[in-house]
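# Sequence and predicted structure, then a few things I'm wondering about:
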Amino acid sequence: MTVNSKAVWEDTIHRDHIDPKKMALIYNGVDSLTFESAQPFRGETRKKLGIKPRERVIIVIANLILYKGHSDLLKAARKVLKHIPKALFLLVGEDRGIGGNLKRISIDFGIASKVRFLGLRDDIPQLLAVSDISVLPSHEEGFSNVILESMAAALPIVATNVGGNSEAVVNGVTGWLVPPKNPDAMAEKIVDLLHDPQKARSWGKQGRKRVNKKFTIERMVQEHIKLYKGID
C-alpha cells in the first residue's frame, strides 16, 4: 500500500490498523514545466481577467467545502484589505453547497468587490501565474497537490499547519504555516508577504527549487517502479 505523506501514513496506521511494513511512502509529483511555461503570459492573463496592474492577487484553489476553511479565509481577507486595499482574492473551485453562503459573507463584510468566485477551472497554471500568494486555509488535509503546483509556479505559500502541509512547505523558507481556524494569524502572514515583495519572490523561488528536487513526476514514477520491482 502506498501513501503520499507521513501524515497519511500515521492516520492510516491508527485508523485502519495497517501493518507499517506493508506501506510505502511516495510523495506526489507535479510537472513544473507546465506551471513555469505560463509565467511569461502573466500580464496578458491579468488583463483578460480584468485584474488591475497594481492589484495584489491572493489565490485559493480548493473546492467550496466546509473543511477547506473558506469562511476563515474571508475573515482574514477583511483584515488584509484594511492594510492593503489593493489586495484581490481569487477563489477557485467547484461549489459543493456553501458558495451562496460564502458570497453572502463577503457582502456582509463589505469585501464582495475584492473577492472573486471563479468556480471550477481548467486553467490553473494561468491563474497561478497571475497571482502573488497562494493560500490554503484547510481544517484538514492529506497531502495537497495545490501546494506543490503553487510552489512550482514560484508562489510563496500561506497554509494551515494540518495534515501533510508541513511536509511540503518549509516554514519561513517557502511560505508560512499557521494554525487552522485562525483568521488573524492567516491575515498577518498574508500581509507580511504583501508588504515584502522581495521576500515573497525569494520564497517563491525556493519553493520551485524544492518541488524540482523533491516533488517531480519523474521521481514519483521511479519510486513506484522501484517499489514494484521489489515485490516478491
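Nice, thanks for sending it over. Keep in mind that what you see is a predicted model, and the values were worked out from it rather than measured.

# Kindly tell me how buried residue 103 is, as a neighbour count.
17 (other C-beta atoms under 10 Å). In short, each C-beta sits where N, CA and C put it, glycine included.

# Dump the helix or strand where it lies to PDB, restricted to CA.
Element membership for residue 103 (DSSP states H and E) is helix 99-108. What follows is helix 99-108, C-alpha atoms only, in PDB (Å, rounded to 0.1, in the frame of the first residue of the first chain):
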ATOM      1  CA  GLY A  99     -20.900  29.100  -2.300                       C
ATOM      2  CA  GLY A 100     -24.000  31.100  -1.700                       C
ATOM      3  CA  ASN A 101     -23.300  31.500   2.000                       C
ATOM      4  CA  LEU A 102     -19.700  32.500   1.300                       C
ATOM      5  CA  LYS A 103     -20.900  35.100  -1.200                       C
ATOM      6  CA  ARG A 104     -23.300  36.500   1.500                       C
ATOM      7  CA  ILE A 105     -20.400  36.600   4.000                       C
ATOM      8  CA  SER A 106     -18.300  38.600   1.500                       C
ATOM      9  CA  ILE A 107     -21.200  41.000   1.100                       C
ATOM     10  CA  ASP A 108     -21.800  41.400   4.800                       C
END
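
# elements contacting it?
helix 70-83, strand 115-119 (3 or more C-beta pairs under 8 Å, 6 or more residues apart in numbering; DSSP states H and E).

# which one of the ones you listed lies closest to residue 200?
helix 70-83 (13.8 Å; C-beta to C-beta).

# tell me the mean pLDDT for that closest one?
Across helix 70-83, the average pLDDT comes to 99.

# Helix 99-108 and that one, what's the angle between them?
Orientation check (axes from the mean of the first three to the mean of the last three C-alpha atoms, to 10 degrees): helix 70-83 against helix 99-108 gives 20 degrees.

# So for helix 70-83, what gets flagged as buried?
For helix 70-83, the neighbour count (16 or more other C-beta atoms under 10 Å) marks 70-81 as buried.

# Report all helices and strands that the strand or helix carrying residue 192 contacts.
Taking DSSP H and E as the criterion, residue 192 maps to helix 183-195. Contacts defined by 3+ C-beta pairs under 8 Å, 6+ apart place helix 183-195 against helix 70-83, strand 133-136, strand 157-160, strand 175-178, helix 197-214.

# any chance of the helices and strands packed on helix 99-108 in TSV, with distance to residue 147 too?
Formatted as TSV, the helices and strands packed on helix 99-108 follow (distance: least, C-beta to C-beta, whole Å):
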stretch	distance to residue 147
helix 70-83	15
strand 115-119	19
